[in-house]
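# can you look at this prediction? I've put the sequence above it.
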Amino acid sequence: MYVEKGVKKLAPIVEMKGIYKEFPNVVALNHVDFSLEKGEIHALIGENGAGKSTLMKILYGIYDQDEGTVKINGEEKNISDAREAMRLGIGMVHQEFMLAETMTVLENIILGFEPNKHKLLDYDKAYSEVMDYSEKYGFEIRPNSKVINISVGEAQRVEILKALYRGAEVLILDEPTAVLTPQETEELFKIIRSLKENGKTIIFISHKLDEVLEIADRITVMRKGNKVETLSQNDATKEKLAYLMVGREVFLDFEIEENEPGDRILEVKNLNVFGRRKLSNLKDVSFEIKEGEILGVAGIDGNGQTELVEALTGLRKVESGEIKIRGEEITNKSPLEIRHHGVSHIPEDRNKTGLCKELTIQENLIANKLPDDPYSSKIGIINFKRVKNFAEELIDKFDIRPPKTDVKMQNLSGGNAQKVIVAREVAEDAGLIIASQPTRGIDIGSIEFIRSVLLDERKAGKAVLLVSADLEEILSLSDRIIVMYEGEIQGTLDIEEANENNLGLMMTGGNPDFKGGVTA
Amino acid sequence: MNDKLRDFLYERQSLLNVFIAVFTAMIVGTLVIYFMGYDILESYEALYQGAFKGRFNFGGTLERFVPLLLSGLAFAVASKASIFNIGVEGQLYFGAITAAFFGYIIKGVPSLVHIPVTLLLAAAAGGLWAVIPGFLRAKYNVNEVTTTIMLNYVAIFFVGYIVNHPFKNPNVGVPQTPNVQPTARLPKIMLPSRANIGIFIALALLVFFIWLLNKTTFGYKVRAVGFNPFFTDYVGVKSKLIMVLTMFLSGAIGGVLGGVEVLGIHGYVLDNFSPGYGFDGIMVGLLARNNLKALPFVAFFLAALRSGAINMERFTGVPKEVIGVIEAVIILLAAAEVIVEIKKRKSSDKGGVEVG
């Protein structure tokens, strides 16, 4: 059990000492100590790149440490792989779920640890065992549904059950709330508390301070590969944690100036698009954006936001409906033609779509200028001097580090890589900026910077379509908010009437008494 | 560490690995020679002399250098757009038969016109043949490895039909085309060997493609499409068109290779005349890591080995297949190393970038 101060302690269930880990480009962990008491909920917080996940992956056997020791229940262990970690009672729920989508929930849970009868799979036993667990900890699952058909919250519960089924005493949850609505987060917290009551030990990785303060007994803060401090929940405040995490004071609350929206820029009418999954088919989506306006698109990932952005930017075919920019039809035009109509795009997947990591900073910065070659001669010979000047200007303006034009993108941190993308798209001077998850997974300094860039663009009379899974981001930047649920617009709210609660409700298909169901 | 330095070391490292692969292969070859009971020093001396000593021997090396370089270049150019062109063999057959046809049919023009026109037509033929798998890949995502391999057979048998029937030289018993006009022949540069000005054509093409890929917007697009087609689609480049055009260029190099062989070496097309030049290019490209600047060194090294092997066999009795053993070991090591590198890159993607 977790023991309060002053009471004699057992050996910690997990004790990591002097852990050092280096990756080719970076020291990920610099002699980190971490200790976990049995029965506690221990939050591990820090920005992206602070080393939280790396530390936990070492504990879970995915990485080997270069230096340092790991003790489980007081005994030094060499955890060579995840199987070994499971044998020692350590389970991990990763940020991205590791489930076979076409198999059922039950099959996923028992995969690799199937109960046998006469060398055959004993489904009945597996079923009753799994149901026992789910009742004991108050889980709701449907063991015979296919994983592809269940919600994100349910998939996460399946992952937790899977770990418990494998005998986990220590459960590592890597950013479990990142993909959940506020309501689902509450559900998760109930489960976590019930696990604690049953003697399990939880490591809760997060960077959301409110949640950490709500759920954790103790909190360890990491910054840039170092452990900064471990404090008990009573000693922690939001301000103190933020300060420890970033190393300076942070201002994410922007003053938003009043701004009278101008002419209509984007008009979307009855848009129907086939999505990646059935739930993300767009059905009769209509809305509009005016100059000087930020329209937030809230919703749980996979409810059609990706498809909406792809349809607007020419990357996905529109089945029916109209998209107009300043009255001109752009439906099903090529990405290049749409760019020519004054639409720029910060894509949701930075590494897959937004940049080319093998190319240099300058090559990435001019990528959208090349299709029609303004930085080259008539026959297509690149004018490197002009390109370099242009790149240097942007690197300076957007504070991109390292400030060199010919460094390959793969050497940049996530925040700087994202700044390169934002710089390129904003420099296009388009009337409409479609920003999809513009600050996902980057450091707080870059988040601050990018958000202020978007606000500056709004001030300059640009229209911004801001798609984000981060409600805080939506609420702090938008003028209006549309909520997407199962490919439809569940409702539209003005910023004054929106809050986490009613947005969260609408994101899960609820219909609060605002302008629910009415499209803009 | 300084980022540029790291990129530089990274490239140096891969160069070093190539040397390790070659060195290991040479040791294996040496062991084979030793265990077969031959004198090692004597064998290597014969190998060296066969590759470099005298106009005939050195010319033989240069003669072998040209197809290795051109097919390596064809393979590497396609690889820049992330296309695996295994079809250089077929493309060179089309280039060869086209060159044989126009080399024969065009009459009464000076060499200065005849040679370039014939080679351009050969390039076009090879290029168009390569457009088929390029288009299938770009439009329908059909795996180009499969299509290019299969189209090789189509090309070889098609040319086989042409040289056996409609375009057979009636004065000769074997299936071959009539000799091309003397004005179409590439001048020899190192008699009595068969080395010819094809080597300058090959080197000029190499320089042209290095320039094209690095200094032009087209080259930039090719490289970007090769690295990340999602990215190029998103910024507004027509990735599919770029793929098809790149495949055309790659096939065109194959076509030139066929043309140079016909106009420079044989003067006609013989049924099944290529000993697998097109496939050699895969080895050259892999070993050079598709780095265009490394291609000539790799091609020259392999050409010297092959050219020397004949001399070695003649004077010391060491079968020239030993060189095949060495090449095989090089390929194994080079391929294995490419795999290791892909794995390494994947794991550092997971760990290095998104540590959180």
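Nice, thanks for sending it over. Residues are numbered from 1 along each chain as shown, chains lettered A, B, ... in the order given.
# please give me every residue in contact with the residue of the stretch 151-300 of chain B found nearest chain A.
In the stretch 151-300 of chain B, no residue comes nearer to chain A than B:G236, which is 3.5 Å away by CB to the nearest CB. In short, each C-beta sits where N, CA and C put it, glycine included. Neighbouring residues of B:G236 by CB atoms under 8 Å, 6 or more residues apart in numbering or on different chains: A:334-336, A:339, A:368, A:371.
# got phi/psi on it?
phi 110, psi 10 (degrees, to the nearest 10).
# grab the nearest non-local neighbour of it.
A:L336 (3.5 Å; CB to CB, 6 or more residues apart in numbering or on different chains).
# quick one: buried residues of the strand or helix carrying the one you found?
Here A:L336 sits within helix A:335-340, counting by DSSP states H and E. Residues A:335-336, A:338-339 are the ones in helix A:335-340 that count as buried (16 or more other CB atoms under 10 Å in any protein chain shown).
# between the contacts of B:G236, which is closest to A:E328?
Relative to A:E328, the closest of these is A:R339; by CB to CB it sits at 13.5 Å.
# the closest one contacts A:L370, doesn't it?
No. Using CB atoms under 8 Å, A:R339 makes no contact with A:L370, being 11.6 Å away.
# how far away from the center of its chain is the worst-scoring helix or strand of chain A on mean pLDDT?
Least confident helix or strand of chain A, by mean pLDDT, DSSP states H and E, is strand A:116-117 with a mean of 81. Relative to the centre of its chain, strand A:116-117 is centred 40 Å away, using CA atoms, centre = their mean, to the nearest Å.
# can you list the strands that the helix or strand following that strand pairs with?
As assigned by DSSP H and E, the chain's next helix or strand after strand A:116-117 is strand A:120-121. Strand pairing for strand A:120-121, determined by DSSP bridges: strand A:116-117 (antiparallel).
# and the contacts of the strand it pairs with?
Strand A:116-117 is contacted by residues A:122, A:125 when judged by CB under 8 Å, 6+ apart.
# could I get the full set of helices for the stretch 1-150 of chain B?
Assigned helices in the stretch 1-150 of chain B, in chain order: B:3-35, B:40-52, B:54-80, B:88-105, B:111-140, B:144-164 (criterion: DSSP state H, counting those that start in this stretch).
# pull up the gap between the residue in chain A positioned nearest to chain B and A:K462, please.
Nearest residue of chain A to chain B (CB to the nearest CB) works out as A:L336 at 3.5 Å. In this view, A:L336 and A:K462 are 20 Å apart by CB to CB, to the nearest Å.
# repeat for B:V298
B:V298 sits at a distance of 52 Å from A:K462 (criterion: CB to CB).
# ok, now B:F35?
Distance from B:F35 to A:K462, by CB to CB: 75 Å.
# give me the more crowded residue out of the two.
A:K462 (23 against 8; other CB atoms under 10 Å in any protein chain shown).
# please list the residues of the stretch 201-350 of chain B that sit near chain A.
Where the stretch 201-350 of chain B comes near chain A, counting by CB under 8 Å from any CB of the partner chain, the residues are B:215-218, B:220-221, B:223-224, B:227-228, B:230-238, B:348.
# for ChimeraX, what selects the buried ones among the residues you listed?
To isolate the buried subset of these in ChimeraX, counting by 16+ other CB under 10 Å, use the following:
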select /B:216,217,218,220,221,223,224,227,228,230,231,232,233,234,235,236,237,238
